[in-house]
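Colleague: one predicted model, sequence on top.
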Amino acid sequence: MDLKSINASPVLTDPAPIDNPRLGIRSSLSPYSQSGPSFSSGMLKIPRKKPGKLDDVRSNGWLDAMISSSPPRKKLLKDFNVEVASDDFDFAFHSWMLKYPSAINSFEKIINRAKNKKIVMFLDYDGTLSPIVDDPDRAFMSDEMRSAVSNVAKYFPTAIISGRSRDKVYELVGLTELYYAGSHGMDIMSPVRDKVSADPSNCTKPTDKQGKEVNLFQPAREFLPMINEVFITLVENTKDIKGAKVENHKFCASVHYRNVDEKNWPTIAQCVHDILKDYPRLRLTHGRKVLEVRPVINWNKGKAVEFLLESLGLSNNDDVLPIYIGDDKTDEDAFKVLRVGNRGYGILVSPVPKETKAFFSLKDPSEVKQFLESLVRWKMEMHDKSPKK
């Protein structure tokens, strides 16, 4: 397979946003403009909801989930550049690393399996290619990381699968040679192949900037007006909670509470809870200090991995080794897909022990860059050793 043809698929500009007749939102006022959520709640009269009884979010486990994704921090461990909760961290981390060894230290094992196989790379963005920061709009990847990803894409089909909108993550990465799947895989740009097992009503075939036909797969397209409406309501109803930030990722809406005082977490959870009561077709998922509102459909990052592999014509090949690197709960769906039948390798990025379906681990984005650079060096060495025609 011609890798150049695989990788030459610049990102598309989406069709005009769907209007929301219920709220009277015209396309020019779309709250999911890719320059960021510039929506002002003064544009529309949105009814504000008073938070219900806080017992709701306690009894349904929301608060427990918020706390578990944000463990208490008591001391700084310089070796890992993170704050940890226990003096027993060293022992716990060592035990965890025995189960999920470093992908760098296990590099020989990985490339031994990769021999005579085609590697396909899948990468999360936040916490994987960029550091976790207080302001999501400031989560920039370094030039060195961008170079590492670009070099990987020269040798292996490479995709970014992010919770952000597809256009936003493309804006942050800025590499046309990659594939992009935004909104946890609900907005996928992929190459056109002979057959893709997807609902044709959710798949269009526009052309990219080079005039090549690509698949634009959006299984939650019908939810766009609903997500817009919920986003606007969340902005209005959380605007008095100091530190709260609401983002529209096109097919999902995120409420960040990283900068919210912990005593106000029940209030922000109850606010989201009360709004979702009016939307039975939407559900809540938890990320790292973020509440995410998503459509109730059977689709996730794992499904996106399967879709992209099939779009590339690589889904049923024994000579393919998919590798997925990610750091959050939403990446676990992809790890599960690769673990089934020992299909490929999931690599969790984490400086602290976590339960995971991944096979290996990396500490932080700097180690991700080191791993990607090692892959490129190995591939170049293999190329130099191959018989010249």
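Modeller: All right, it came through fine. Numbering: from 1, shown residues only.
Colleague: please make it C-alpha for all contacts and neighbour counts, starting now.
Modeller: Will do.
Colleague: tell me which residues in stretch 152-172 are buried?
Modeller: Judged by neighbour count (16 or more other Cα atoms under 10 Å), stretch 152-172 contains these buried residues: 152-153, 155-170, 172.
Colleague: for the lengthiest helix in the chain, give the mean pLDDT please.
Modeller: Longest helix of the chain, by residue count under DSSP state H: helix 365-385. In this model, helix 365-385 carries a mean pLDDT of 93.
Colleague: for stretch 284-295, same thing?
Modeller: For stretch 284-295, the per-residue pLDDT averages 90.
Colleague: buried set for it?
Modeller: Quick answer for stretch 284-295 (16+ other Cα under 10 Å): 284, 286, 287, 288, 289, 290, 291, 292, 293, 294, 295.
Colleague: hey, C-alpha coordinates of it in PDB?
Modeller: C-alpha atoms of stretch 284-295 as PDB (Å, rounded to 0.1, in the frame of the first residue of the first chain):
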ATOM      1  CA  LEU A 284     -23.100  12.200  31.000                       C
ATOM      2  CA  THR A 285     -19.600  10.900  31.000                       C
ATOM      3  CA  HIS A 286     -16.700  11.800  33.200                       C
ATOM      4  CA  GLY A 287     -13.200  12.900  32.200                       C
ATOM      5  CA  ARG A 288     -10.300  14.500  34.000                       C
ATOM      6  CA  LYS A 289     -12.000  17.300  35.900                       C
ATOM      7  CA  VAL A 290     -14.600  17.600  33.200                       C
ATOM      8  CA  LEU A 291     -18.300  16.600  32.800                       C
ATOM      9  CA  GLU A 292     -19.100  15.700  29.200                       C
ATOM     10  CA  VAL A 293     -22.600  15.600  27.700                       C
ATOM     11  CA  ARG A 294     -22.800  13.200  24.800                       C
ATOM     12  CA  PRO A 295     -25.400  11.600  22.600                       C
END
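Colleague: check which helices and strands the longest helix of the chain sits against.
Modeller: helix 143-155 (3 or more Cα pairs under 8 Å, 6 or more residues apart in numbering; DSSP states H and E).
Colleague: need the contact partners of the helix it packs on.
Modeller: 3-4, 7, 129, 158, 173, 175, 177-178, 369, 372-373, 375-376, 379 (Cα atoms under 8 Å, 6 or more residues apart in numbering).
Colleague: and after it, which helix or strand comes next?
Modeller: Sequence-wise, the next helix or strand downstream of helix 143-155 (DSSP states H and E) is strand 158-161.
Colleague: so what strands line up beside that following strand?
Modeller: Here strand 158-161 has these sheet partners by DSSP bridges: strand 118-123 (parallel), strand 179-182 (parallel).
Colleague: residues contacting residue 344?
Modeller: Per Cα under 8 Å, 6+ apart, neighbours of residue 344: 321, 322, 323, 338.
Colleague: mind checking the pLDDT average for the helix or strand that residue 57 is a member of?
Modeller: According to DSSP H and E, residue 57 maps onto helix 55-59. If you average the pLDDT over helix 55-59, you get 64.
Colleague: and the next element down the chain from it?
Modeller: helix 62-68.
Colleague: please name every helix or strand in contact with that next one.
Modeller: Using 3+ Cα pairs under 8 Å, 6+ apart, helix 62-68 sits against helix 265-276.
Colleague: starting at the chain centroid, how far to the helix it packs on?
Modeller: 23 Å (Cα atoms, centre = their mean, to the nearest Å).
Colleague: stretch 106-125 now?
Modeller: 20 Å.
Colleague: likewise for stretch 101-112?
Modeller: The answer for stretch 101-112 is 24 Å, by Cα atoms, centre = their mean.
Colleague: list the buried residues of it.
Modeller: 101, 102, 103, 104, 110, 111.
Colleague: using PDB, write out every CA atom in it.
Modeller: Output in PDB follows, covering the C-alpha atoms of stretch 101-112 (Å, rounded to 0.1, in the frame of the first residue of the first chain):
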ATOM      1  CA  PRO A 101       5.700  -1.600  31.900                       C
ATOM      2  CA  SER A 102       7.100   1.400  30.200                       C
ATOM      3  CA  ALA A 103       6.700   1.400  26.400                       C
ATOM      4  CA  ILE A 104      10.200   2.900  26.200                       C
ATOM      5  CA  ASN A 105      11.800   0.100  28.300                       C
ATOM      6  CA  SER A 106       9.600  -2.400  26.300                       C
ATOM      7  CA  PHE A 107      10.500  -1.000  23.000                       C
ATOM      8  CA  GLU A 108      12.400  -4.000  21.800                       C
ATOM      9  CA  LYS A 109       9.300  -6.200  22.600                       C
ATOM     10  CA  ILE A 110       7.100  -3.900  20.600                       C
ATOM     11  CA  ILE A 111       9.200  -3.700  17.500                       C
ATOM     12  CA  ASN A 112       9.900  -7.400  17.600                       C
END
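Colleague: before I go, just wanted to say thanks for your time.
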